[in-house]
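> How does the following fold in three dimensions:
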Amino acid sequence: MAEMTIKELARICGVAVSTVSRAMNDRSDVNPETRARIRAAAEQYGYVPNGSARRLKIGSTKTISVFIQGEFGQLLVEILQLLERSFTEAGFDTTISHIADPEHANAGTVERIVREGKFGGVVFLGRYGSADREASAQLSRRLAEIDVPMVFCTTADYSGAAALHSSISVDDHAGARDLTAHLVSLGHRRIGFIGAGAEPDREHAWALRLAGYQAGLHDAGIVFDDALVIPSALEEQTYTMRNGYESMRAWLPSAPEDVTALIGVSDWTAIGASRALNEAGRSVPRDISIVGFDGLDVANYVVPPLTTIVQPVAEIAQSTARVLLATMADPGRAIEQVWIRGRLLTGESVRRLS
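Numbers count the residues shown, from 1 in each chain. Sure thing, here's the model as predicted:
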């Protein structure tokens, strides 16, 4: 018989997962009758609390694991360094658990690493799961059954309408809206978007940025034209130069001739698309303007320097550390969904039309 999970016990008792966790650890902030009912149900159904999580409650584990899936990018490296500094100042060591293969990014892998490592807390840095919405949602729900505090950093919780974990991210929607407004202010009205996924999903960064672009068009009274949305040629590499390059090459033969500006879903995507445009004989920004998103250092050194939204990495890291450490101290605290506004950085990749 499979072991009963904390989520199943919570459902049987009609309480939240956090309430079960507090009751099983003799927390004083649980009603005595509720505690007794939960403990009786645990004994009846054979629920055994996660041993590593129980050791956390008595302070025997002082290590936080940061999970990174896929390739390391500059943005993630910067945030990781800031997280390590914050955790060190709080008296915790930091380890990196790298899952290179997306096929291995599942709850079973994470659960094994967490339990074997006896980590006090976990940060998911960057994307997790796969491009498939339901697979990512299932992973998030499974992760909620692991009785260790978790926070998602630079990505949202894909578990569904009622988020199960706290998350800290740049405000993708507002950033793309700001980029669109900036282009409109310089006279552009036929604006394309590079890097859309196959199925709209409100939680993924590309979808939030696409929605922000659409909102920016609406603000300006511009009718949205889906012919100007350029799909990702490589969905598992949405935010890469290669995807920007391949997506632009695939789109150019049928591209409307009146497009004057493009928004890349990321800086790397915009840079890759710029290369494809150059190969096709179209100069940036003389023939077409282009902007990115993320504010990577490389955006300052490409030619021309890229207009972009700068992610506030210091604030993202600080908020992530604050929320995780607070949750480790009080596992029953409320979930936080934090969206931090990025900053528009103007480069030389946009030409004024009017």
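> burial count for E246?
The local packing of E246 (other CB atoms under 10 Å) involves 18 other residues. (Each C-beta comes from the backbone N, C-alpha and C, glycine too.)
> Ok, Q74 next?
The tally of other residues near Q74 (other CB under 10 Å) stands at 14.
> Which residues does stretch 226-234 contact?
Residues from elsewhere that reach stretch 226-234, judged by CB atoms under 8 Å, 6 or more residues apart in numbering: 190-198, 206, 210, 238, 240, 242-243, 246-251, 256, 259, 262, 265.
> Let me see the ranges of the helices in the stretch 101-250 of the chain.
Under the criterion DSSP state H, counting those that start in this stretch, the stretch 101-250 of the chain carries helices at the ranges 107-117, 133-143, 172-185, 205-219, 241-251.
> Quick one: mean pLDDT over the longest one.
With pLDDT averaged residue by residue, helix 205-219 scores 95.
> Ok, the first one next?
Averaged over helix 107-117, pLDDT sits at 69.
> Buried ones only from the contacts of stretch 226-234, please, as a PyMOL command.
Selecting in PyMOL just the buried members of these, where the criterion is 16 or more other CB atoms under 10 Å, is done with this command:
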select buried, resi 191+192+193+194+195+196+197+206+210+238+240+243+246+247+248+249+251+259+262+265
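> Can you give me the neighbour number for E33?
Counted with other CB under 10 Å, residues neighbouring E33 total 8.
> Let's verify it: helix, strand, or coil?
Look at E33: counting by DSSP: H, G, I helix; E, B strand; the rest coil, its state is helix.
> Can you tell me how far it is from E8?
According to CB to CB, to the nearest Å, E33 stands 21 Å off from E8.
> want to try TSV for the helices of the stretch 101-250 of the chain, with distance to V229 as columns?
TSV is the format used below for the helices of the stretch 101-250 of the chain (distance: least, CB to CB, whole Å):
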stretch	distance to V229
helix 107-117	33
helix 133-143	18
helix 172-185	12
helix 205-219	7
helix 241-251	9
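> Of those, give the one that comes closest to A41.
Within the helices of the stretch 101-250 of the chain, the stretch nearest A41 is helix 133-143; the backing value is 20.9 Å (CB to CB).
> Helix or strand: which one has T308?
strand 308-310 (DSSP states H and E).
> Give me the helices and strands touching the helix or strand that comes right after that strand, please.
Along the chain past strand 308-310, the next helix or strand (assigned with DSSP H and E) turns out to be helix 313-329. For helix 313-329, the packing partners by 3 or more CB pairs under 8 Å, 6 or more residues apart in numbering; DSSP states H and E come out as helix 74-89, strand 121-125, strand 150-153, strand 166-170, strand 337-340.
> rerun at 6 Å
helix 74-89, strand 150-153, strand 166-170, strand 337-340 (3 or more CB pairs under 6 Å, 6 or more residues apart in numbering; DSSP states H and E).
> How about that helix, which residues are buried there?
Of the residues in helix 313-329, those scored as buried under the neighbour-count criterion (16+ other CB under 10 Å) are 313, 315-325, 327-328.
> For the residues you listed, which two are the farthest from each other?
Across these, the longest distance by CB to CB is 22.4 Å; it joins V313 and M328.
> Alright, I will stop here.
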